[in-house]
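Enquirer: quick one: sequence and predicted model below, then my questions.
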Amino acid sequence: MIVPMLSKIKTFFRALYDLDQTVILTLFCLAVINILVQYSANDKMLSRLFSDVVYLGTSFVILLVVANLNISALKHIAIPIYLISLVLLVAVLMFGVKVHGAQRWLNLGIRIQPSELCKLSVPLILAYYFSLQSRGINFIDYIVGFIFIVIPFALIAKQPDLGTGILVLCSGIFVIFFAGLSWRIIILALIIFLISTPVIWHMLHDYQQHRILTLLNPESDPLGKGYHIIQGIIAIGSGGLYGKGFLHGTQIHLDFIPEKNTDFVITVLAEEFGFVGVCVVLALYLVLVSRGLRITQLAHDIFSKTLAGSITMSLMLYILINMGMVAGILPVVGVPLPLISYGGTATIVLMIGFGILLSIHRQSKY
C-alpha cells in the first residue's frame with residue numbers, strides 16, 4: 001500500500017518538475033502580493049482575507065490539474081464549454097443579479113460572472129475551429145470565426161458590460177491574428193473602425209459616453225464622473241518613490257478610493273509601496289508575458305499556438321487597460337488587474353488559462 005502511494009507522489013512531483021518553473025514562481029509571487037494588497041484594501045478584514053486565500057489556493061490547485069492535462073483533451077470540450085457559456089450569458093439576462101445598475105452575475109449558491117468564462121471559451125472554440133481546417137484557413141473561415149466572437153460579445157454588451165465585452169472580443173481577435181490573418185485585412189478593419197466611430201458613439205449608453213468625455217476633462221465633474229480618475233491619480237502620486245508603508249495609505253484608508261479592492265487596486269500598491277512596488281509588479285507581469293510568447297513560439301500545432309498566443313496577449317491587454325484607466329489615460333471600464341484584484345471567478349479563469357499555457361509548454365518539449 002505504501003509503495004503505490006510513494007509511486008504516485010513521485011509521479012506528481014515529476015509532473016510538477018516538467019512544468020515551466022518560471023511561470024509557477026512568478027504566479028506565486030503575484031499571489032503573495034495579492035494577499036498583502038487585499039488585506040490592506042479591505043481594511044484588515046480577516047474574513048475577506050480568508051476568502052481571498054481560499055480563492056487563490058483553489059485556483060492554484062485547478063492550475064496544476066489543467067497543466068497536467070493532455071492539450072488534445074481541450075479540443076473535445078471546446079464546443080460544450082462555448083455552448084455552456086452562451087447559455088449562462090442568456091441566463092444572466094433573464095435571472096441575473098443586478099449590482100450598480102448592471103446585470104452581470106448569477107447566483108448559483110455562490111455568485112459567478114459568466115462573462116469571465118467567455119475569456120476562455122471564445123479563444124478555445126476558435127482555436128479548435130481553425131485546427132480543423134486541414135486544407136488551410138481561408139477568408140470564409142475568418143468570417144465564421146468572427147461570428148463565434150460576436151455572439152457572446154453582443155450578450156455581454158447587453159448586460160451592459162462593454163469593458164468585459166471588448167476583452168472577450170479581443171481574445172478572439174488574437175486567435176484570428178495568430179492563425180495567420182493578413183495584415184492587409186487588419187489595416188482595412190482598422191480603417192473601417194475609424195470611419196464608423198461616429199456611428200459607434202451614438203450606439204453607446206449615456207454613461208459610457210460620459211466616461212469618455214470625463215477622461216478628456218475629469219475636472220469638469222470632480223465629484224461625479226471624474227471622481228474615480230482624480231482620486232486614483234492623487235493616490236498614485238502620493239505614494240512617491242517608495243510609498244507610505246504597508247497599511248499606511250491615507251487615500252486608501254480614508255475611503256477616498258472607490259472599488260479599491262477590485263478595479264482600482266493598483267492605487268493601494270502605488271500609495272503604500274510606491275513607484276518601486278508598481279515596477280516590481282510590472283516586472284513580474286513582463287516575465288509572464290515573455291514566457292507566454294515563448295511558449296506560443298514553441299507550440300507544435302495551430303490549436304496550441306493560437307490558444308497560447310490569445311491567452312498571453314489577453315493578459316497583456318488586461319494589464320494595460322486597468323493601469324491605463326487608473327492613471328487617467330483610458331476610460332474607466334471596470335477591468336480588474338490580473339491576479340491582484342479581488343474576484344473569485346476572474347482569478348480561477350486566469351489560472352485555468354495559465355494551466356493551459358503550462359500544458360502546452362510541457363508537451364512542446366517532447
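Expert: On my side now, so go ahead.
Enquirer: from now on I want contacts and neighbour counts done on CA atoms only, so please keep to that.
Expert: Noted.
Enquirer: so what strands line up beside the longest strand seen in the chain?
Expert: Longest strand in the chain, counting residues (DSSP state E): strand 102-107. If you go by DSSP bridges, strand 102-107 pairs up with strand 97-99 (antiparallel), strand 111-112 (antiparallel).
Enquirer: now do the buried residues in that strand.
Expert: Going by neighbour count (16 or more other C-alpha atoms under 10 Å), the buried part of strand 102-107 is Gln103, Arg104, Trp105, Leu106.
Enquirer: and if you look at stretch 251-262?
Expert: Here stretch 251-262 shows Gln251, Ile252, His253, Phe256, Ile257, Glu259, Lys260, Asn261, Thr262 as buried, counting by 16+ other C-alpha under 10 Å.
Enquirer: state the distance from the first one to Asp20.
Expert: The reference is to Gln251. Going from Gln251 to Asp20 by C-alpha to C-alpha, to the nearest Å gives 39 Å.
Enquirer: mind listing what Ser359 touches?
Expert: Leu19, Val66, Ala67, Asn68, Leu69, Asn70, Ile71 (C-alpha atoms under 8 Å, 6 or more residues apart in numbering).
Enquirer: now for the fifth one, how many residues are close by?
Expert: I take that to be Leu69. Look at Leu69: counted by other C-alpha atoms under 10 Å, it has 17 neighbours.
Enquirer: and the end-to-end length of stretch 295-311?
Expert: Terminal residues of stretch 295-311 lie 11 Å apart, using C-alpha to C-alpha.
Enquirer: avg pLDDT for it?
Expert: For stretch 295-311, the mean pLDDT works out to 92.
Enquirer: re earlier: list just the nearest of the contacts of Ser359 to Gly145.
Expert: Ile71 (20.8 Å; C-alpha to C-alpha).
Enquirer: low-confidence ranges in this structure?
Expert: 1-17, 100-102, 207-208, 214-225, 365-366 (pLDDT under 70).
Enquirer: longest single helix anywhere in it?
Expert: For the chain, the longest helix by residue count, based on DSSP state H, is helix 265-298.
Enquirer: buried residues in that helix?
Expert: For helix 265-298, by 16+ other C-alpha under 10 Å, it's 265-278, 281, 284-285, 288-289, 291-293, 295-296, 298.
Enquirer: do the same with stretch 238-254
Expert: Within stretch 238-254, the residues that qualify as buried are Ser238, Gly239, Gly240, Gly243, Lys244, Leu247, Gly249, Thr250, Gln251, Ile252, His253, counting by 16+ other C-alpha under 10 Å.
Enquirer: could I get these in CSV, plus columns for distance to Val97?
Expert: Below are those laid out as CSV (distance: C-alpha to C-alpha, whole Å):
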residue, distance to Val97
Ser238, 37
Gly239, 37
Gly240, 40
Gly243, 38
Lys244, 38
Leu247, 33
Gly249, 33
Thr250, 33
Gln251, 31
Ile252, 28
His253, 29
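Enquirer: one step back: I'd like the buried residues of stretch 251-262 laid out as JSON lines, including secondary structure.
Expert: Listed next are the buried residues of stretch 251-262 as JSON lines, based on DSSP: H, G, I helix; E, B strand; the rest coil:
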{"residue": "Gln251", "secondary structure": "helix"}
{"residue": "Ile252", "secondary structure": "helix"}
{"residue": "His253", "secondary structure": "helix"}
{"residue": "Phe256", "secondary structure": "coil"}
{"residue": "Ile257", "secondary structure": "coil"}
{"residue": "Glu259", "secondary structure": "coil"}
{"residue": "Lys260", "secondary structure": "coil"}
{"residue": "Asn261", "secondary structure": "coil"}
{"residue": "Thr262", "secondary structure": "coil"}
